[in-house]
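here is a sequence together with a model predicted from it:
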Amino acid sequence: MKTNTKTSSYRWVICALLFFATTINYLDRQVLSLTYPGMIENEFHWDEAMYGTITGTFSIVYALSMLFAGKVIDHLGSRKGYLWAIGIWSTGACLHALCGVGTEWIVSKIALPITTVSVWLFLSARCILAIGEAGNFPAAIKVTAECFEPKDRAFATSLFNSGCSIGALIAPFAIPLLAKYYGWEMAFVIIGALGYLWMAIWLVIYRDSRKQTNAEICDVQKEPDEMLRPISYKEAFCRKDAWGLFLCRLLSDGGWWFFLFWTPMYLNTQFHIAPTDTEGMVLIFTLYLITMLSIFGGRLPNIFISRGKSPFQSHIRAMLICACIPLLGLFAQPAGQYFSSPWAPIVLIGILGAAHQSWSANMFSVISDRFDKNSVATITSLSGAFGGVSNFFLNIIAGYLFVYADKVQLTFCSFTGKPAGYMIMFCWCGIAYLLGWSCLKSLMRK
């Protein structure tokens, strides 16, 4: 069936809503990392190990929630599932603002260290945030599978996935300024409240789509009835291609999250640039502006499709290209030392981030290629759980590594102390994607 102009426009409106949801998702994640140096750090007397524990706990709760998020969304449907997800994470984001007041009240009633109490309260708020955020990508990928043909899915995914970069672009300017003039608590509240606004728009716009048939919304052909049964966990864990996705995300996902959570700390530690400094804002903005190049990564498979390759083969080849680019991350730390400037490492990290986002867009499309639309959310969430485990261990290891490296003055590749720790992390982030692609390729049947 040929898609008319109205139908085609409608599905891109839905794609725009997915984009804004992902943007809000990443804004909420970044409030802590941009208010920690010089604000929360000084108020509650945290060190890198404590910060790493909080970010790592977020990751493991996110991973565990991913185990169930896909099933819940496949059961509720993308409309209701998305509403529940963004409602929970927006509430969790706003609850961070109460951690300071809660710490003061508990410390006044019970003789406990302010550091311990504050860490536990922030951990609680981060857990609620993680539970809700776990539903974003399973819901978005499910909507994409319902509304776009296989040949268009990578581009549509790259468009809404670019919300990660846009959120990261807005964050270094908006969040530090909000925290500076209104307090770090209001930064959490204002950014968190954006999710409630999105929910109202989603209720109005997405309701209309349910009045139409699937064929009227998009030109995706309806699968046979026997293909519409959602995949069970047992079936998923028995499939080699599913394990290819799981291992791929286990190896590769941590790199992006490491740079998301630790880049402000890296600039503060290595170059004494705070997130509230004008230079710090410009640097973080530049980093994520470069990651916007990932949109071209969503178009990359079309080159191979035009040459006769299937969408699946094209997405796999595009992932290989994206996996090679992060090797530039190996030169980030040496470039910073050689030029005595943060700009060289920021540019290289930005290129690595663009490669990661292109990599993710094509990997999500591989899921849509391999599994029917009623199982996409489940597979996306299960693979996301492995990605969350990767993030958990990488953040925990990073926090303790930096403390240990500084304490014993660890030496690695001519760097000493914390710079040596960052060099170790950059090396892992550089090679992890090729390792992940190798697992994916070896376990995926043609």
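Arrived safely. Please read all numbers here as calculations on a predicted model, not as lab measurements.

which residue sits closest to Gly192, ignoring its sequence neighbours?
Ala93 (3.2 Å; C-beta to C-beta, 6 or more residues apart in numbering). For the C-beta atoms, the positions are set from N, CA and C on the backbone; glycine is no exception.

put the alpha carbons of the host helix or strand of that neighbour into CSV.
Taking DSSP states H and E as the definition, Ala93 sits inside helix 78-95. Extracted in CSV, the C-alpha atoms of helix 78-95 (Å, rounded to 0.1, in the frame of the first residue of the first chain):
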residue,chain,number,x,y,z
SER,A,78,3.8,1.7,23.2
ARG,A,79,1.3,4.5,24.2
LYS,A,80,0.6,3.5,27.8
GLY,A,81,4.1,2.0,28.3
TYR,A,82,5.8,5.3,27.3
LEU,A,83,3.5,7.3,29.6
TRP,A,84,4.4,5.1,32.6
ALA,A,85,8.1,5.2,31.8
ILE,A,86,8.4,9.0,31.5
GLY,A,87,6.1,9.6,34.4
ILE,A,88,8.3,7.5,36.7
TRP,A,89,11.6,8.9,35.6
SER,A,90,10.4,12.5,35.8
THR,A,91,9.2,11.9,39.4
GLY,A,92,12.6,10.4,40.2
ALA,A,93,14.4,13.4,38.7
CYS,A,94,12.4,15.9,40.8
LEU,A,95,13.0,13.8,44.0
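
I'd like the next helix or strand past that helix.
helix 99-109.

other SSEs contacting that next one?
helix 114-133 (3 or more C-beta pairs under 8 Å, 6 or more residues apart in numbering; DSSP states H and E).

any chance you could map the helices in the stretch 101-250 of the chain?
114-133, 136-147, 150-161, 163-182, 184-209, 214-217, 233-237, 240-271 (DSSP state H, counting those that start in this stretch).

how far away is Leu260 from Met39?
18 Å (C-beta to C-beta, to the nearest Å).

list the contacts of Ile201.
For Ile201, the contact set (C-beta atoms under 8 Å, 6 or more residues apart in numbering) comprises Leu17.

and the gap between it and Ile86?
Counting by C-beta to C-beta, the gap from Ile201 to Ile86 is 11 Å.

can you check Asp241 too?
30 Å.

those two - which one has more neighbours?
Ile86 (25 against 18; other C-beta atoms under 10 Å).

tell me the confidence at the more buried one?
pLDDT, Ile86: 92.

wouldn't it be in contact with Gly195 here?
Yes - here Ile86 reaches Gly195: they are 4.8 Å apart, a contact under C-beta atoms under 8 Å.

got any residues that touch both of these two?
By C-beta under 8 Å, 6+ apart, the residues touching both Ile86 and Gly195 are Ile24.

and the helix holding Ala93, what's buried?
78-79, 81-95 (16 or more other C-beta atoms under 10 Å).

equivalent analysis for stretch 188-205, please.
For stretch 188-205, by 16+ other C-beta under 10 Å, it's 188-192, 194-195, 198-199, 202.

flag the shaky bits of the stretch 301-446 of the chain, pLDDT-wise.
445-446 (pLDDT under 70).

mind doing that once more with 80?
Flagging of the stretch 301-446 of the chain using pLDDT under 80 yields the residue ranges 302, 368-369, 372-377, 388, 444-446.

then the stretch 1-150 of the chain?
For the stretch 1-150 of the chain (pLDDT under 80), the answer is 1-10, 37-38, 47-48, 56, 59, 70-71, 74, 111-112, 145-150.

centre of the chain to stretch 21-35, how far?
Stretch 21-35 has its C-alpha centroid displaced from the chain centroid by 10 Å (C-alpha atoms, centre = their mean, to the nearest Å).

picking that back up, including distance to Ser310, could the helices of the stretch 101-250 of the chain go into a markdown table?
Listed next are those as a markdown table, based on distance: least, C-beta to C-beta, whole Å:
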| stretch | distance to Ser310 |
| --- | --- |
| helix 114-133 | 33 |
| helix 136-147 | 17 |
| helix 150-161 | 9 |
| helix 163-182 | 27 |
| helix 184-209 | 29 |
| helix 214-217 | 23 |
| helix 233-237 | 23 |
| helix 240-271 | 14 |
